[in-house]
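In: please work out how this folds:
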Amino acid sequence: MTHQSAKQLYALLSTTQHVELRRDLDSAAVAYAHWRAQWALATPDERRDMDAARSASHNVLIDSCNVLARAMTQAGEDSSWRDLLGNDRKDIGDLGCYVACALAVSAR
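Out: Model (predicted):
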(Lines give C-alpha, C1' and ligand atoms only; values in the text may rest on other atoms or scores of the structure.)
Protein backbone atom coordinates (compact mmCIF):
# COMPACT_ATOMS: atom_id res chain seq x y z
CA MET A 1 0.00 0.00 0.00
CA THR A 2 1.31 3.41 -0.87
CA HIS A 3 1.13 6.49 1.30
CA GLN A 4 -1.24 8.06 -1.22
CA SER A 5 -3.64 5.11 -1.26
CA ALA A 6 -3.66 4.95 2.55
CA LYS A 7 -4.36 8.68 2.67
CA GLN A 8 -7.29 8.27 0.26
CA LEU A 9 -8.78 5.36 2.19
CA TYR A 10 -8.45 7.22 5.48
CA ALA A 11 -10.15 10.27 4.00
CA LEU A 12 -13.07 8.10 2.88
CA LEU A 13 -13.53 6.32 6.18
CA SER A 14 -13.22 9.61 8.05
CA THR A 15 -16.47 10.85 6.53
CA THR A 16 -18.55 8.56 8.73
CA GLN A 17 -21.10 9.75 11.25
CA HIS A 18 -20.30 6.67 13.37
CA VAL A 19 -17.96 8.51 15.71
CA GLU A 20 -17.55 5.70 18.26
CA LEU A 21 -16.86 3.05 15.63
CA ARG A 22 -14.35 5.36 13.97
CA ARG A 23 -12.71 5.89 17.33
CA ASP A 24 -12.56 2.12 17.81
CA LEU A 25 -10.80 1.78 14.46
CA ASP A 26 -8.39 4.59 15.32
CA SER A 27 -7.58 2.98 18.69
CA ALA A 28 -7.06 -0.42 17.09
CA ALA A 29 -4.78 1.18 14.50
CA VAL A 30 -2.64 2.85 17.16
CA ALA A 31 -2.37 -0.39 19.14
CA TYR A 32 -1.42 -2.39 16.06
CA ALA A 33 1.10 0.21 14.88
CA HIS A 34 2.78 -0.05 18.27
CA TRP A 35 3.15 -3.82 17.86
CA ARG A 36 4.46 -3.48 14.34
CA ALA A 37 7.07 -0.93 15.39
CA GLN A 38 8.12 -3.10 18.32
CA TRP A 39 8.37 -6.06 15.92
CA ALA A 40 10.84 -4.13 13.78
CA LEU A 41 13.05 -3.57 16.83
CA ALA A 42 12.75 -7.05 18.31
CA THR A 43 15.17 -9.94 18.28
CA PRO A 44 13.96 -13.30 16.92
CA ASP A 45 13.32 -14.52 20.48
CA GLU A 46 11.37 -11.38 21.34
CA ARG A 47 9.35 -11.75 18.15
CA ARG A 48 8.43 -15.28 19.08
CA ASP A 49 7.21 -14.05 22.48
CA MET A 50 5.14 -11.20 21.05
CA ASP A 51 3.74 -12.96 17.98
CA ALA A 52 0.39 -14.01 19.47
CA ALA A 53 -0.34 -10.56 20.92
CA ARG A 54 0.69 -8.83 17.68
CA SER A 55 -1.56 -11.12 15.63
CA ALA A 56 -4.46 -10.58 18.04
CA SER A 57 -4.02 -6.81 17.74
CA HIS A 58 -4.00 -7.16 13.95
CA ASN A 59 -7.25 -9.14 14.11
CA VAL A 60 -8.86 -6.41 16.23
CA LEU A 61 -7.85 -3.84 13.59
CA ILE A 62 -9.35 -5.97 10.81
CA ASP A 63 -12.55 -6.48 12.80
CA SER A 64 -12.78 -2.73 13.46
CA CYS A 65 -12.51 -2.03 9.73
CA ASN A 66 -15.25 -4.55 8.99
CA VAL A 67 -17.59 -3.30 11.71
CA LEU A 68 -17.23 0.33 10.64
CA ALA A 69 -17.72 -0.50 6.96
CA ARG A 70 -20.88 -2.52 7.71
CA ALA A 71 -22.31 0.30 9.81
CA MET A 72 -21.50 2.84 7.12
CA THR A 73 -23.19 0.70 4.47
CA GLN A 74 -26.29 0.24 6.63
CA ALA A 75 -26.47 4.00 7.18
CA GLY A 76 -26.18 4.72 3.46
CA GLU A 77 -22.70 6.17 3.82
CA ASP A 78 -19.90 5.59 1.32
CA SER A 79 -18.06 2.49 2.51
CA SER A 80 -16.16 1.96 -0.74
CA TRP A 81 -12.92 2.34 1.21
CA ARG A 82 -13.37 -1.17 2.60
CA ASP A 83 -13.64 -2.76 -0.84
CA LEU A 84 -10.69 -0.69 -2.04
CA LEU A 85 -8.66 -1.81 0.97
CA GLY A 86 -9.23 -5.48 0.20
CA ASN A 87 -8.46 -8.40 2.49
CA ASP A 88 -4.67 -8.60 2.40
CA ARG A 89 -3.54 -8.52 6.04
CA LYS A 90 -0.42 -6.55 5.19
CA ASP A 91 -2.42 -3.83 3.43
CA ILE A 92 -4.84 -3.58 6.34
CA GLY A 93 -1.89 -3.34 8.69
CA ASP A 94 -0.35 -0.65 6.50
CA LEU A 95 -3.57 1.35 6.71
CA GLY A 96 -3.50 0.96 10.49
CA CYS A 97 0.03 2.31 10.61
CA TYR A 98 -0.95 5.22 8.39
CA VAL A 99 -3.92 6.02 10.65
CA ALA A 100 -1.66 5.96 13.71
CA CYS A 101 0.82 8.26 11.98
CA ALA A 102 -1.90 10.66 10.84
CA LEU A 103 -3.33 10.82 14.36
CA ALA A 104 0.09 11.42 15.90
CA VAL A 105 0.97 14.21 13.48
CA SER A 106 -2.43 15.87 13.87
CA ALA A 107 -2.01 15.95 17.68
CA ARG A 108 0.90 18.38 17.61
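In: thought A102 was touching L9?
Out: No. With contacts counted by Cβ atoms under 8 Å, A102 stays clear of L9, the gap being 11.0 Å. For glycine as for every other residue, the C-beta is placed from the backbone atoms N, C-alpha and C.
In: tell me which of these two has more neighbours.
Out: Shown here are A102 and L9; by other Cβ atoms under 10 Å, L9 has more neighbours (22 against 17).
In: distance of that one from R108?
Out: Computed as Cβ to Cβ, to the nearest Å, the L9 to R108 distance reads 23 Å.
In: what is the burial count for A104?
Out: So A104, with other Cβ under 10 Å, has 11 neighbours.
In: no no, P44
Out: Around P44 there are 7 other residues, counting by other Cβ under 10 Å.
In: relative to D51, how far out is the residue at the greatest distance from the centre of the chain?
Out: Each residue of the chain has a distance to the centre, and by Cα atoms, centre = their mean the biggest one is for D45: 26.1 Å. The spacing between D45 and D51, counted by Cβ to Cβ, is 11 Å.
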